[in-house]
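1. fold the following for me, if possible:
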Amino acid sequence: MNPLRRTKIVVTLGPSLDDPAMLERVILNGAAIFRANFSHGEMSTHENRIKMVRDIAAQHGKTVAILVDLQGPKIRIGRFKNKKVTLKEGQPFTLDTQLDEKEGNEQIVSLAYKNLPRDVRPGDTLLLDDGRLVLHVVKTEVTQIHCQVIVGGELSNNKGINRLGGGLSAAALTEKDRSDIKEAVRLHADYIAVSFPRNADDIKEARILLKAAGGQPGIIAKIERSEAVTNIDQIIQVSDAVMIARGDLGVEIGDAELPAVQKKIIKVARLFNKPVITATQMLESMTLNTIPTRAEVSDVANAVLDGTDAVMLSGETAVGLYPDKAVAAMDRICLSAEKHRNINAVRQFKDAHIKHVDEAIAMATMYTANHLDIAAIIALTESGITTLLMSRVNSNIPIYGLSRHEATLRRMTLYRGVYPIPFDATHIDRRVLNQAAVLELQNRGILSNGDLVVITKGDLIGVHGRTNSMKILTIGDLPDYSSAAT
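-> Next up, the predicted model:
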């Protein structure tokens, strides 16, 4: 793995990564964030997997983050007596909230979401299994939805169901999610993804629950409802990051609309200084194959060119045959795409509305770095906010976030072009702090004599939100700093 790949890779944990040797290869191939999907599996299984990730990463001196993905409302059908059925075009098919969940057949199946008959109307279109099967709503009753099959095919247990155009009333946070939030805090998750949020209030509710549980992980809003697209500005502003969950989103808004909406979400997220993850089916063919399709390569590359902070693998690493090869493929595609700068940095500076000192320092740093032959940016940070602000500006220059806080280091793994390094500035004489920071990178083989670097920090070391200075240094022009640490 090239350590200077700016786009981060999120991988989903699952049976395919339960082998420590395979997990180790995935970490060494460049995975930075590990997703625990709370829609599947027992809590003990998630806990064991998270522990194994952290243990193996620590053995190799790697900083990785844990993302807990909440299940959200279970808008799914039930089970079939024979595990699956084949629906034919034109046939009637009924969805029934009162049917035993295991008694489905070719004519009827149960519904986990009890309010669906109230949410839909005759004439609506329902999509099953990510849109592979299409139903036309003919009639609704208190507990039943009578449909006609428009597009048939094989339908198996527990598949998801969507209404074309959205509009389902299901709340984003279920009782299971409320319990899982407490578990995520107990497991020291770095990020929590809220599934199916409709508006900013759903994210605010999740933050209240997190605070009550005593945790402060970042909240990622998963954009997968059409209502979320309508309310995208408000949702992003109250979130810490956003995920473009293209499976359910593509079903609700229509697959043809998805590419433009994806570009819009990335643009808005960058505008509000929030990281964005592009997810779902990015290299899906690699679940069974050793190489991706050319279309998948283009898909990943275009997300990188548009400015996504991270790209995510789901089934490719959770249940796929070649998770290490999928991560390696993602790595080389991102590296290739990053050679082509597609974000107008000049326009960003021109249009920037600066409100805070740390934001001014971040913008000044990136402007300087993009106009001088800067080898690296060194940001001494408590919260990681300055590195996040820097990462919003397109640049080929690596940003090294030096922090004493493990939580801050893990949070920075999501930021595009930011590389976290453990470093405790509170035990170093302020007069030689710059030299000590440079020495840290020199000892890691990152900097050499003659390199030009930019260092940002605050006058009050160890205090959050106080970055207020920027300095340009030439390595080799500094005094001896061999005894900088005290």
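
2. how about the CA coordinates for the strand or helix carrying I50, as PDB?
-> Assignment of secondary structure by DSSP states H and E places I50 within helix 43-59. Extracted in PDB, the C-alpha atoms of helix 43-59 (Å, rounded to 0.1, in the frame of the first residue of the first chain):
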ATOM      1  CA  MET A  43     -23.200  -8.600  20.100                       C
ATOM      2  CA  SER A  44     -20.500 -10.900  21.300                       C
ATOM      3  CA  THR A  45     -19.400 -11.600  17.700                       C
ATOM      4  CA  HIS A  46     -19.100  -7.900  17.000                       C
ATOM      5  CA  GLU A  47     -17.100  -7.400  20.200                       C
ATOM      6  CA  ASN A  48     -14.700 -10.200  19.300                       C
ATOM      7  CA  ARG A  49     -14.200  -8.800  15.800                       C
ATOM      8  CA  ILE A  50     -13.600  -5.300  17.000                       C
ATOM      9  CA  LYS A  51     -11.100  -6.500  19.600                       C
ATOM     10  CA  MET A  52      -9.200  -8.500  16.900                       C
ATOM     11  CA  VAL A  53      -9.100  -5.400  14.600                       C
ATOM     12  CA  ARG A  54      -7.600  -3.300  17.300                       C
ATOM     13  CA  ASP A  55      -5.100  -5.900  18.500                       C
ATOM     14  CA  ILE A  56      -3.800  -6.600  15.000                       C
ATOM     15  CA  ALA A  57      -3.600  -2.900  14.100                       C
ATOM     16  CA  ALA A  58      -1.700  -2.200  17.300                       C
ATOM     17  CA  GLN A  59       0.800  -5.000  16.500                       C
END
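
3. return the distance of that helix from the chain's centre.
-> From the chain centre to the centre of helix 43-59 is a distance of 19 Å (CA atoms, centre = their mean, to the nearest Å).

4. pLDDT of whatever helix or strand comes next after it, averaged?
-> For helix 43-59, the following helix or strand on the C-terminal side (DSSP H and E) is strand 65-69. Across strand 65-69, pLDDT averages out at 98.

5. same question for stretch 313-326.
-> 97.

6. swap in stretch 361-380?
-> Here the average pLDDT along stretch 361-380 is 92.

7. rewinding a little: which secondary structure elements does the helix holding I50 sit against?
-> helix 20-28, strand 31-37, strand 65-69 (3 or more CB pairs under 8 Å, 6 or more residues apart in numbering; DSSP states H and E). In this view, the C-beta of every residue, glycine as well, is placed from N, C-alpha and C.

8. least trustworthy helix or strand in this protein by mean pLDDT?
-> helix 345-351 (a mean of 51; mean pLDDT, DSSP states H and E).

9. extract the CA atoms of the helix or strand just after it and return them as CSV.
-> Next in sequence after helix 345-351, counting helices and strands by DSSP H and E, comes helix 357-371. Taking Å, rounded to 0.1, in the frame of the first residue of the first chain, the C-alpha atoms of helix 357-371 are listed here in CSV:
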residue,chain,number,x,y,z
VAL,A,357,-9.4,31.6,13.8
ASP,A,358,-8.6,27.9,13.3
GLU,A,359,-10.5,27.9,10.0
ALA,A,360,-8.4,31.0,8.9
ILE,A,361,-5.2,29.2,9.9
ALA,A,362,-6.3,26.1,8.0
MET,A,363,-7.1,28.0,4.8
ALA,A,364,-3.9,30.0,5.0
THR,A,365,-1.9,26.8,5.5
MET,A,366,-3.5,25.1,2.4
TYR,A,367,-3.1,28.2,0.3
THR,A,368,0.6,28.5,1.2
ALA,A,369,1.1,24.7,0.8
ASN,A,370,-0.5,24.8,-2.7
HIS,A,371,1.8,27.7,-3.8
